[in-house]
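J.: attaching a predicted model along with its sequence, questions to come.
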Amino acid sequence: MTKAFASATGQTFAVYYAEDSIGSGPDRIILRGQNAEDAWNTPIKSLANDLSGRLPLVIGMPIFVVANLAVELGVARGSAGTLVSIDYEVKAGRRYATSAEVDLSSYKSPDPKASFPHRVRIPI
């Protein structure tokens, strides 16, 4: 569906990768090489609390917030919006998304002078 949206709107289709890891804190190990490839290619489990390690994104595409990030500001699970921009780093030829700027009608900026009062940056 994302490729079709990119084609229909003349946008660039790109896949962004997660920096998958196991463990946490000082014991956290970032998966590399074949281990990372295997994690990216593993099907999403129905009971998993995370998404696939690969995420196709196109500027202008509709999005849904999948976690309660700032409920008091209207950035909550199920909020619908539009992808405005993506910040990412390139490592070994792959894009790793770090954050996305999204227009969410449910969000209202606490800054009364905000140029785009419904636009919020969400960490990925």
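T.: Ah, there it is. Residues are numbered from 1 along each chain as shown.
J.: could you use CA atoms for every contact and neighbour count after this?
T.: Noted.
J.: right, and residue 79 touches residue 106 too?
T.: Yes. The criterion here is CA atoms under 8 Å, and residue 79 meets it with residue 106 at 6.8 Å.
J.: of those two, who's got more company?
T.: Neighbours per residue (other CA atoms under 10 Å) separate residue 79 from residue 106, with residue 79 holding more: 18 against 15.
J.: mind checking how far the more buried one is from residue 115?
T.: According to CA to CA, to the nearest Å, residue 79 stands 21 Å off from residue 115.
J.: what ranges does this protein have for its helices?
T.: Remark: helices of the chain, listed N- to C-terminal, are 2-9, 33-41; assignment by DSSP state H.
J.: out of these, flag the one nearest residue 64.
T.: helix 2-9 (13.8 Å; CA to CA).
J.: touching that closest one from outside, list them.
T.: 11-13, 56-58, 61 (CA atoms under 8 Å, 6 or more residues apart in numbering).
J.: ok, stretch 110-121 next?
T.: 99-109.
J.: quick one: buried ones out of those residues?
T.: The neighbour-count criterion (16 or more other CA atoms under 10 Å) marks 100-104, 107-108 among these as buried.
J.: low-confidence ranges, the protein, go.
T.: Scanning the chain for pLDDT under 70 picks out 43-52.
J.: if we can go back for a sec, I'd like the contacts of helix 2-9 as a markdown table, with distance to residue 31 and neighbour count appended.
T.: Shown next, in a markdown table, are the contacts of helix 2-9 (distance: CA to CA, whole Å; neighbours: other CA atoms under 10 Å):
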| residue | distance to residue 31 | neighbour count |
| --- | --- | --- |
| 11 | 31 | 15 |
| 12 | 28 | 12 |
| 13 | 25 | 15 |
| 56 | 20 | 12 |
| 57 | 22 | 23 |
| 58 | 26 | 22 |
| 61 | 29 | 16 |
